[in-house]
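1. build me a structure from this.
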Amino acid sequence: MEDAVKGSQYHPDSDPEVGEDAATSVGPFPPPPAMTEEEQQELQEALVKVEDEILTLSQVLAAKERHLADMKRKLGITPLNELKQNFTKTWQEVTTSTAYKKTSETLSQAGLKATAAFSTVGSVITRKLEDVRNASTFKSFEDKVGTLKTKMSPPGSSGMPDQQESVVAFTETSISQPDDLATQETLMN
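-> Okay, here's the model as predicted:
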């Protein structure tokens, strides 16, 4: 019994072991003055008994954990399989949650609205480009470029630099001065 009492006392020259709790590493507190020697003895015995029970429970738990690991190994359950199952279960819980359903519904509606908006913008741009192409200034420019090309590229022509400069000058003036006010406004919008 004295060995048990000595074992639970604090030894300043020894380091606490891994897993040892604070109560056993600090050492016993001095007994309250009202406690008799017999009561101290009973408490010491109870302390040893509880420590033994804790040790036994730790050993039983370790044995059960080994048995569990062995059963899982025999069943082919690997840590990766467990992780996959946990992920699948968690994902299922998330997708069935009310918050997920509401968010999914909101994003779906937002996607539909965005698609409609992009479609409308595309239609407006297409219409504007058609308006520009059908404008008299654009038609006039198209005709002038076609005529100029025919004039500047006779068969067997070597494409002299004088002709290239005149094409550039003609093109710049045609672009900078549209024929009518309506075409200018269409180009600006």
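2. packing partners of the longest helix seen in the chain?
-> Identified as the longest helix of the chain according to DSSP state H is helix 37-75. Secondary-structure packing of helix 37-75 (3 or more C-beta pairs under 8 Å, 6 or more residues apart in numbering; DSSP states H and E): helix 2-7. Quick note: C-beta positions are derived from backbone N, CA and C, even for glycine.
3. so for the helix it packs on, mean pLDDT?
-> If you average the pLDDT over helix 2-7, you get 47.
4. listing request: residues of the chain with sub-threshold pLDDT.
-> 1-33, 154-189 (pLDDT under 70).
5. quick one: the helices in it?
-> So, for the chain - with DSSP H - the helices run 2-7, 22-26, 37-75, 79-95, 98-134, 136-152, 161-176, 181-188.
6. could you dump those helices to a markdown table with mean neighbour count?
-> A markdown table is the format used below for these (neighbours: other C-beta atoms under 10 Å):
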| stretch | mean neighbour count |
| --- | --- |
| helix 2-7 | 11 |
| helix 22-26 | 11 |
| helix 37-75 | 11 |
| helix 79-95 | 10 |
| helix 98-134 | 10 |
| helix 136-152 | 13 |
| helix 161-176 | 11 |
| helix 181-188 | 13 |
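7. number of residues surrounding residue 135?
-> 20 (other C-beta atoms under 10 Å).
8. ok, now how distant is it from residue 152?
-> 25 Å (C-beta to C-beta, to the nearest Å).
9. quick one: residue 67 from residue 73, how far?
-> 11 Å.
10. one more: residue 57?
-> Counting by C-beta to C-beta, the gap from residue 57 to residue 73 is 25 Å.
11. again with residue 129
-> Distance from residue 129 to residue 73, by C-beta to C-beta: 69 Å.
12. and if you look at residue 136?
-> In terms of C-beta to C-beta, residue 136 sits 85 Å off from residue 73.
13. same deal with residue 105?
-> For residue 105, the distance to residue 73 equals 45 Å [C-beta to C-beta].
14. ok, residue 48 next?
-> 38 Å.
15. dump stretch 39-57 to CSV, keeping only the CA atoms.
-> In CSV, the C-alpha atoms belonging to stretch 39-57 read as follows (Å, rounded to 0.1, in the frame of the first residue of the first chain):
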residue,chain,number,x,y,z
GLU,A,39,-9.9,8.8,6.2
GLN,A,40,-6.7,9.7,4.4
GLN,A,41,-5.9,6.0,4.1
GLU,A,42,-9.3,5.3,2.6
LEU,A,43,-9.0,8.1,0.1
GLN,A,44,-5.6,6.8,-1.0
GLU,A,45,-7.0,3.3,-1.5
ALA,A,46,-9.9,4.7,-3.5
LEU,A,47,-7.4,6.8,-5.6
VAL,A,48,-5.4,3.7,-6.4
LYS,A,49,-8.5,1.8,-7.3
VAL,A,50,-9.7,4.5,-9.7
GLU,A,51,-6.3,4.7,-11.3
ASP,A,52,-6.3,0.9,-11.9
GLU,A,53,-9.8,1.1,-13.4
ILE,A,54,-8.7,3.9,-15.8
LEU,A,55,-5.7,1.8,-16.8
THR,A,56,-7.9,-1.3,-17.4
LEU,A,57,-10.4,0.7,-19.4
